[in-house]
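S.K.: Build me a structure from this.
(chains A and B)
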Number of protein chains: 2
Amino acid sequence: MTDTVIATYWVESALPLQRAAEQMAGEQSTGTFIRVARETDELRARFAAQVVSIEEREPSGRQPLPGATGDPAAIRGGLVRLAFPLDNFGPSIPNLQAAVAGNLFEMRDFASIKLMDLDLPRPFADRYPGPAFGLEGTRRLMGRDTGVMIGTIVKPSIGLSPEELAEVVAELVEAGIDFIKDDELQANGPHSPLRDRVAAVMPVLKAHADRTGRMPLYAFNITDDLDIMRRNHDLVLEAGGTCVMACINMVGLAGVDWLRRHSQLPIHGHRAMFGAVSRSPQVGIHFRAWQKLARLVGVDHLHTNGLHNKFYESDDEVLAAIAAVREPLLGGYGVVPVLSSGQWAGLAHETYAAVGTTDLLTLAGGGIHGHPDGVAAGVASMREAWDAAEHGEPLAERASKVPALSRAIETFGR
Amino acid sequence: MTDTVIATYWVESALPLQRAAEQMAGEQSTGTFIRVARETDELRARFAAQVVSIEEREPSGRQPLPGATGDPAAIRGGLVRLAFPLDNFGPSIPNLQAAVAGNLFEMRDFASIKLMDLDLPRPFADRYPGPAFGLEGTRRLMGRDTGVMIGTIVKPSIGLSPEELAEVVAELVEAGIDFIKDDELQANGPHSPLRDRVAAVMPVLKAHADRTGRMPLYAFNITDDLDIMRRNHDLVLEAGGTCVMACINMVGLAGVDWLRRHSQLPIHGHRAMFGAVSRSPQVGIHFRAWQKLARLVGVDHLHTNGLHNKFYESDDEVLAAIAAVREPLLGGYGVVPVLSSGQWAGLAHETYAAVGTTDLLTLAGGGIHGHPDGVAAGVASMREAWDAAEHGEPLAERASKVPALSRAIETFGR
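M.R.: Numbering: from 1, shown residues only, chains lettered A, B, ... in the order given. Reported below is the predicted structural model:
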């Protein structure tokens, strides 16, 4: 029997769900409005997508997507699973997307249609090497064997000169940070080119490593046109850097795969712009499906958002995202979940209680840079809070002994 | 004065629109929840995004996006224009997207937030060479100097062996077709690898060219992991092929740019999966904004959909898409609009009346392969209908003289 990909969709349609599911399978198989020459029953049976299952669920009650046909009062909702024969497209992520997504989102039969999950067969594991560093490699490089990994984003996001950036980094490394990343808005513009940032930052990191034996990871944002991104990677590598960041949606999954096959450094995978395909509950691609592809193409760290974040996702969604990323995929593809957005020391206990691990990279921007006593106090507040959480000590108790933490609670604990 | 990018958004928010617009600008400039060290007023003035204008419009009445805050009864709608200083990111399409899209779609302040348009400054033209062939190159290669360019998609989409494909192609070229493309579902799977398809198709095309002096364009779908896509391009080129197809969203805009800088053939830009970001009126990226990026990265042909298509877009949206693609961009970047989906001979008059040009590539799948008298009659029906439309002859009049056309009307003119 041939391998298949199983794709799961949330659909709402005024058609009976069985019929709606058959429309989806048909569009992604033979694909025209009339049966044509050579389209035999045998060909259909062998190559067409097949409906695997339909589970009816309560519809959302949302106004149908534009162009949706049928009586809105007749709309039903459900989870539809389709099987796609791998023989048609092979274990190729770009061509997989044509099959399981392609034109589906444009079909009139659907009031809602969103790709929720993908079950991929073994040949994808043979083709995509996946994360080269993952959790172990990341811990080793930053010299942080246990406990949560604490990081930050350079703030302000943009506008710092390379010299000012070096000052910020010096403060952060002195404060004992494990990881620093460029903001995704900080790329390679004329005001602060990557080359100048690398030249300014690396001596600071190296001097710190010489003194302490530990060099925090600095994820330089190398996102750019692909050949430039590759040169950016080489620039970081040659300067002794130990991490690069790529905005997955800006360079494409295919661009990340291409980078991975060249890269000698961990790839910090930023998910900026993912909201464009994920936020609508009615159309697009759910994080659960997407993160599998991001892991296959080889990011080492993957943004999942954090609890009480400033963005639209609920805590339940965030916890599901962290769990999804930590689930083995085809027996491996382990990446470091990256918690960010509105993070600060006061979220450690709740996060640890919900996630049950410190194999996390938690990034605080304002929660470190905005600490009233400076970034050293910001980092200390995070480290102490996570240590307390891990050792079952209540936040207030630790705060009573650690001024940096009590000040963080006063400032951010609104 | 520094160059800026102007981005236009449709927004709905329970905040006063001025305040909502300022939130957007802030998120995409300094980007954290608290003012931090070194974030001076001077830095903000020079590097932050600025609100250019706000035009209030009637809100949609749709249920807010998930996570949206504020009283739904207070929601207002409007078009917000923001200016982003180019100095922050330079004329880089990947990094431009971080600035103008990035985290915006995830913000809680918005019941709707969609990127509608982009005005790009001159440095983008200096960086991106754009289409290498465009309209003139495409017409020259296919030997069709005037009139609409008539094409088709291989049908059935998948499942044909290379030998059966060669038979289909032989019928089509004999019928006088200008252009044939692989379906986007037909990639490089084990059942019909690209190498075998090229080997089967090219002799048919060459034999036809030897007989007639004209070789129709065959757009082989080379979409794949990037290094494989490049090898696929080389395979087509070495076999004497004259066109390649790439699914823009599967390889990413950055992947297309990378292909363009290597390619020696016209790139047929397929937009499959674009519905994932475009169909929701509440979030994502409008075709008007996206097509500018697709043209900058150098596709020669760009899918716009056609009138009375089988997908969700209205005729008004399709006509706006065709007009957008034909508008000069930074003084150039001319591409061939590709009309497809549900196209057949009977749409020629209405399309020509609305668009006013035959500088179009119109693709009929079922409208050619499903013609009851075969593909030759299918192609003839399309050619005759467009010729009549261009010369002001009513469809019925031409049909009375051309059996292939009258049969098409009987079959498809439901």
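S.K.: What is the neighbour count of A:Gly151?
M.R.: 30 (other CB atoms under 10 Å in any protein chain shown). Every residue, glycine included, has its C-beta placed from N, CA and C.
S.K.: now A:Val173
M.R.: Neighbours around A:Val173, by other CB under 10 Å: 25.
S.K.: What of A:Val244?
M.R.: So A:Val244, with other CB under 10 Å, has 28 neighbours.
S.K.: which residues touch it?
M.R.: A:Ala219, A:Phe220, A:Asn221, A:Ile222, A:Asn232, A:His233, A:Val236, A:Ser263, A:Leu265, A:Pro266, A:Ile267, A:His268 (CB atoms under 8 Å, 6 or more residues apart in numbering or on different chains).
S.K.: and if we set it to 10 Å?
M.R.: Counting by CB atoms under 10 Å, 6 or more residues apart in numbering or on different chains, A:Val244 touches A:181-182, A:217-223, A:229, A:232-233, A:235-237, A:259, A:263-268, A:300.
S.K.: ok, now A:Ile368?
M.R.: Neighbours of A:Ile368 in contact, by CB under 10 Å, 6+ apart: A:150-153, A:155, A:171-172, A:175, A:177, A:180, A:343-345, A:374-382, A:408, B:32, B:36.
S.K.: which SS state does A:Asp183 fall under?
M.R.: Put simply, A:Asp183 is coil when judged by DSSP: H, G, I helix; E, B strand; the rest coil.
S.K.: Over to A:Leu79?
M.R.: strand.
S.K.: per-residue pLDDT, the residue nearest to it when sequence neighbours are not counted?
M.R.: Setting aside the residues directly before and after it, A:Leu79 is nearest to A:Glu55 in space (CB to CB, 6 or more residues apart in numbering or on different chains), at 4.6 Å. We have a pLDDT of 98 for A:Glu55.
S.K.: In a helix, A:Glu55, correct?
M.R.: No. Applying three-state DSSP, one finds A:Glu55 to be strand, outside a helix.
S.K.: show me what contacts it?
M.R.: A:Thr8, A:Leu17, A:Gly77, A:Gly78, A:Leu79, A:Val80, A:Arg81.
S.K.: Out of those residues, give me the one that has the most neighbours.
M.R.: Most surrounded of the contacts of A:Glu55: other CB under 10 Å gives A:Val80, at 25 neighbours.
S.K.: picking that back up, the contacts of A:Val244, buried ones only, as a ChimeraX selection?
M.R.: Only the buried entries of those go into this ChimeraX selection, using 16 or more other CB atoms under 10 Å in any protein chain shown:
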select /A:181,182,217,218,219,220,221,222,223,229,232,233,235,236,259,263,265,266,267,268,300
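S.K.: Of the contacts of A:Val244, which are in range of chain B?
M.R.: A:Asn221, A:Thr223, A:Met229, A:Leu259 (CB under 10 Å from any CB of the partner chain).
S.K.: Pop out the phi and psi values for the second one.
M.R.: This means A:Thr223. The phi and psi values for A:Thr223, taken as degrees, to the nearest 10, are phi -50, psi 130.
S.K.: Lowest average confidence across helices and strands of chain A, where is it?
M.R.: Ranking every helix and strand in chain A by mean pLDDT, DSSP states H and E puts helix A:41-47 at the bottom, with a mean of 79.
S.K.: Please save the CA atoms from that helix in CSV.
M.R.: Extracted in CSV, the C-alpha atoms of helix A:41-47 (Å, rounded to 0.1, in the frame of the first residue of the first chain):
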residue,chain,number,x,y,z
ASP,A,41,-12.4,5.3,-12.5
GLU,A,42,-9.2,3.4,-12.0
LEU,A,43,-7.2,6.6,-12.2
ARG,A,44,-9.5,8.2,-9.7
ALA,A,45,-9.3,5.2,-7.3
ARG,A,46,-5.5,5.2,-7.4
PHE,A,47,-4.6,8.9,-7.3
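S.K.: Quick one: distance of it to the chain centre.
M.R.: 37 Å (CA atoms, centre = their mean, to the nearest Å).
S.K.: Give me the residues contacting that helix.
M.R.: By CB under 10 Å, 6+ apart, helix A:41-47 touches A:2, A:25-26, A:29-30, A:35, A:39-40, A:48, A:50, A:84-85, A:87-88, B:156-161, B:164, B:185, B:189, B:191-192.
S.K.: In strands, which of those appear?
M.R.: Among the contacts of helix A:41-47, the residues falling in strands (DSSP state E) are A:Gln50, A:Phe84, A:Pro85.
S.K.: In TSV: those residues, plus pLDDT, neighbour count and distance to chain B.
M.R.: As requested, the ones in strands among the contacts of helix A:41-47 are exported to TSV (pLDDT from 0 to 100; neighbours: other CB atoms under 10 Å in any protein chain shown; distance: CB to the nearest CB, whole Å):
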residue	pLDDT	neighbour count	distance to chain B
A:Gln50	93	17	13
A:Phe84	95	24	9
A:Pro85	93	22	8
